[in-house]
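Trainee: Requesting a structural model of the entry that follows:
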Amino acid sequence: RYPTIVRRYLSSFIDSMFMLALFIALSFLFPQDTSTDNALRIGFFFAIFLCYEPLCVSFWCTLGQKITRIRVRRLSTFEKIPFPLALVRYILKVCLGFISLFAIIFSKNRRAIHDFVSGSIVVNANAMLSPEVGDMCDGDFSVSAEGPSGTKSPERESSRKGIPLAVKIAVPCWLLLIGVGTVGIWGWNIFVDQAKVAIGRNPIALQHIGDIQKIESDFLATGEAEDVDTFVFRVQGTKGSGTVTAQFVSVDTGMEEIVSGTLRLASGETYRLIPED
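Mentor: You can find the predicted model right below:
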């Protein structure tokens, strides 16, 4: 009725290999070593890593659980666990790893630490066909598929009316957060590429830095800048390295231009990027 630790490990291994295959596929979908492709790879990586198992556990089952014929259910009602609990369960599972599964040895119904925290239980799929599941719960609490008179129990009947409100709210919000974050990273990296081109065109930067080979955003210094159009970058080129503090304006689609700013070299020398008349 309860899967062994080896079976649960096998399920996790299959899911890990499936996610690895998805990550490899991402490298082919976004093969270029550009900031845009890197941002998209990172965004999709976190989306898959954080959402694959929690979403599958909440609504269906993972590929590994399907193959090994095990299911994750809520201990109190024997229904699918909601997404927020599935997410907490997954994060603990990843963080604790073998330590969490080691608790299975000491649990009478083979629950891991992440199962105890999320109020879940892992059972064999064929055990779900049994009309009585009361002995699958801890303590005196029991749940049966049918009530005393052979009618459906209120808990199981109400659970089939629809997806819990918490899941309806949490899933869209979580996906929206991931989407906004991915778009934000993608947009910022596009701007960094445009800023790199603008700095590379500047005669002063070209004279002292040369062709820019590396550019990094200094978010702390940028946040302290008085003007919202002023950004700070650490640049490294063929002739030297330094810090560019510049105000950028958009002059065309996909093109930024420096209207004022300074270049501070690693040696301490400072130059105006736009000389005063």
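Trainee: measure Ala39 to Asn189 for me?
Mentor: Distance of Ala39 to Asn189, computed by Cβ to Cβ, to the nearest Å: 5 Å. Just so you know, the C-beta spots here come from the backbone N, C-alpha and C atoms, and that holds for glycine as well.
Trainee: okay, those two: which has more neighbours?
Mentor: Ala39 (22 against 19; other Cβ atoms under 10 Å).
Trainee: from what I can see that one touches Phe191, true?
Mentor: No. At 11.2 Å, Ala39 and Phe191 do not qualify as touching, with contact defined as Cβ atoms under 8 Å.
Trainee: element containing the residue sitting nearest the centre point of the chain?
Mentor: For the chain, Phe46 is the residue whose C-alpha lies nearest the centre (Cα atoms, centre = their mean; 2.9 Å). Assigned by DSSP states H and E, Phe46 falls within helix 35-59.
Trainee: Pull out the buried positions in that helix.
Mentor: By neighbour count, with 16 or more other Cβ atoms under 10 Å as the criterion, the buried positions of helix 35-59 are 35-37, 39-44, 47-48, 50-58.
Trainee: low-confidence ranges in the stretch 151-277 of the chain?
Mentor: For the stretch 151-277 of the chain, residues meeting the criterion pLDDT under 70 lie at 151-183, 277.
Trainee: do that again at 90, thanks
Mentor: Counting by pLDDT under 90, the stretch 151-277 of the chain has low-confidence residues at 151-195, 213-230, 248-257, 259, 266-268, 274-277.
Trainee: what ranges do the strands span in it?
Mentor: For the stretch 151-277 of the chain, the strands defined by DSSP state E, counting those that start in this stretch cover 212-217, 230-237, 241-252, 255-265, 270-272.
Trainee: Equivalent analysis for the stretch 1-150 of the chain, please.
Mentor: 70-74, 120-124.
Trainee: Can you report phi and psi for Leu75?
Mentor: Torsion angles at Leu75 (phi, psi; degrees, to the nearest 10) stand at phi -60, psi -40.
Trainee: any idea how far Arg69 is from the residue lying closest to it once chain neighbours are set aside?
Mentor: Leaving out its chain neighbours, the residue that sits closest to Leu75 by Cβ to Cβ, 6 or more residues apart in numbering is Ile121, at 4.7 Å. Separation of Ile121 from Arg69 (Cβ to Cβ) stands at 15 Å.
Trainee: higher neighbour count, those two?
Mentor: Ile121 (25 against 16).
Trainee: Pull the contacting residues for that one.
Mentor: Tyr2, Val72, Arg73, Arg74, Leu75, Asn109, Arg111, Asp115, Met136, Cys137 (Cβ atoms under 8 Å, 6 or more residues apart in numbering).
Trainee: So in terms of bridging, what pairs with it?
Mentor: Arg73 (DSSP bridges).
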